[in-house]
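Asker: Take a look and give me a structure for this.
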Amino acid sequence: MTINTPRPTRTHKPAEERRRDILDAAALVFAAQGYRCADVECIAEHAGVGKGTIYRLFDNKEALFLSTVEKAMEDLSAHVNESIDEIEDPEQQIRTAIHRYFDFFDRNPGTVELFIQERAEFRNREKPIYFIYQENRRAVWLERFERLARLGRIRSVSPELALDMIGNLVYGAVFSQRLSGGQRPLSEQSDAVADLLFNGIKG
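Answerer: Below you'll find the model as predicted:
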């Protein structure tokens, strides 16, 4: 698959900025070509660096790929959580989080390919990076569901069950959109999804 992005000219940059450029380029190449077919030389060209620079920062192709997935999760977490930490109402936090979650994948559709490839290529890993990052914020989200229950704004159900069901729903929606080739942005559906979650489907 051709990657239609301009190749930057090589310039001197701080190490951390250079690392981000490499991971951004790697995300594009891995998503388009797959882990096995992706060429580190191609990633270097898209990042505007020499191949040796990549191997000075990452031990091998596997380390580069896993670092790319980690950066994608860091970006996703920031995109979702930075927008809601200052919101007081827990229901609005959840609604906003759903919208921001979908918005991230609308903007970064190739991220889904990275998740699929990690599972396919590294089955020996105990847990995919996506779920490791989800666990890091689990206690915060459980407390939000517990607050809603205490306020009588949701049924008295297990916060763990509610969180898992909503997580599975939005995660599955992202994969379904990518695999089916759906054209409608997920973020345009976020209000409908949130209303279904909070109001149900019974009349």
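
Asker: Next, the buried residues of the helix or strand where Thr53 lies.
Answerer: Applying DSSP states H and E as the criterion places Thr53 in helix 51-57. Neighbour-count burial for helix 51-57, counted by 16 or more other CB atoms under 10 Å, picks out 53-54, 57. (Each C-beta comes from the backbone N, C-alpha and C, glycine too.)

Asker: Closest one of the residues you listed to Val40?
Answerer: Within the buried residues of helix 51-57, distances to Val40 taken as CB to CB reach their minimum at Ile54, with 5.8 Å.

Asker: you'd agree the closest one is up against Val40?
Answerer: Yes: counting by CB atoms under 8 Å, Ile54 does reach Val40; the two are 5.8 Å apart.

Asker: Spit out the residues that contact the two alike.
Answerer: Leu64 (CB atoms under 8 Å, 6 or more residues apart in numbering).

Asker: Tell me how the protein divides into domains.
Answerer: Here the domain parsing of the chain from automatic domain parsing is 1-58, 66-199.

Asker: Which elements pack onto the strand or helix carrying Phe102?
Answerer: In the assignment (DSSP H and E), Phe102 maps to helix 90-107. Packing contacts for helix 90-107, counted by 3 or more CB pairs under 8 Å, 6 or more residues apart in numbering; DSSP states H and E, involve helix 61-81, helix 110-121, helix 138-150, helix 159-180, helix 190-199.

Asker: between the ones you listed, which gets nearest to Lys13?
Answerer: Across these (criterion: CB to CB), the nearest stretch is helix 61-81, sitting at 16.6 Å.

Asker: tell me the angle that closest one makes with helix 90-107.
Answerer: Counting by axes from the mean of the first three to the mean of the last three CA atoms, to 10 degrees, helix 61-81 lies at 140 degrees to helix 90-107.

Asker: so helix 61-81 versus helix 138-150, what angle?
Answerer: Using the same axes, to 10 degrees, the direction of helix 61-81 lies 30 degrees away from that of helix 138-150.

Asker: Show me which residues of helix 61-81 are buried.
Answerer: Those would be 61, 64-69, 71-73, 75-76, 79-80, for helix 61-81 by 16+ other CB under 10 Å.
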